[in-house]
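Student: From the sequence below, what's the structure:
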Amino acid sequence: MKKTIPPMVTESLPRGIAWRGWAWHLLFVAIPGIGLVAAGCTSTGVVPADKDTYIVSDRGPTVGFSPAIRQTANVFKQANEFCNKQDKQVEQVKLDQQDSGLARPASATLQFRCVAPSQDAH
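Tutor: A predicted model of the protein is given here:
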């Protein structure tokens, strides 16, 4: 049985076929990609961990090799807003940071307490 090779297509494709190619690209590549990026930006918000400690965590949208600077700033911002509503300040208990890497987004998790402002603060 002899295999036949189809002839080369030298004529241009009809306009509808090219449009369908772009539509499929948008539907199956671009839109899900945007959704994954948006889903990657997550924060837990402030969550009670114990009777006087709280945890807040933030994960970034990018995967690559970058530090967790933005995520660290976000967790401290949320913790400060939470404690300021109680007229208190943040006391850090533990901070975990993970830089982004291959298939891993940058993240930061802060465990903290809200304590009365110290008298030394100006």
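
Student: which residues of this protein fall in helices?
Tutor: 15-25, 31-40, 69-84 (DSSP state H).

Student: Grab the CA positions of the last one and hand them over as CSV.
Tutor: What follows is helix 69-84, C-alpha atoms only, in CSV (Å, rounded to 0.1, in the frame of the first residue of the first chain):
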residue,chain,number,x,y,z
ILE,A,69,8.5,41.8,48.4
ARG,A,70,5.0,42.7,47.3
GLN,A,71,3.4,39.8,49.2
THR,A,72,5.3,40.8,52.4
ALA,A,73,4.2,44.4,52.1
ASN,A,74,0.6,43.2,51.5
VAL,A,75,0.5,41.0,54.6
PHE,A,76,1.9,43.8,56.8
LYS,A,77,-0.6,46.2,55.4
GLN,A,78,-3.5,44.0,56.1
ALA,A,79,-2.2,43.3,59.6
ASN,A,80,-1.7,47.0,60.4
GLU,A,81,-5.2,47.8,59.1
PHE,A,82,-6.7,45.1,61.3
CYS,A,83,-4.8,46.2,64.5
ASN,A,84,-5.4,49.9,63.8
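
Student: Please name the nearest non-neighbouring residue to N80.
Tutor: The shortest distance from N80 to any non-neighbouring residue, by CB to CB, 6 or more residues apart in numbering, is to V90 (5.6 Å). Backbone N, C-alpha and C define where each C-beta goes, glycine included.

Student: Run through the residues that contact that neighbour.
Tutor: F76, A79, N80, C83, F112, R113, C114, V115 (CB atoms under 8 Å, 6 or more residues apart in numbering).

Student: worst average pLDDT in the helices of the chain?
Tutor: Of all these, the minimum mean pLDDT falls on helix 31-40 (a mean of 48).

Student: picking up where we left off before, P61: which of the contacts of V90 is nearest?
Tutor: F76 (19.0 Å; CB to CB).
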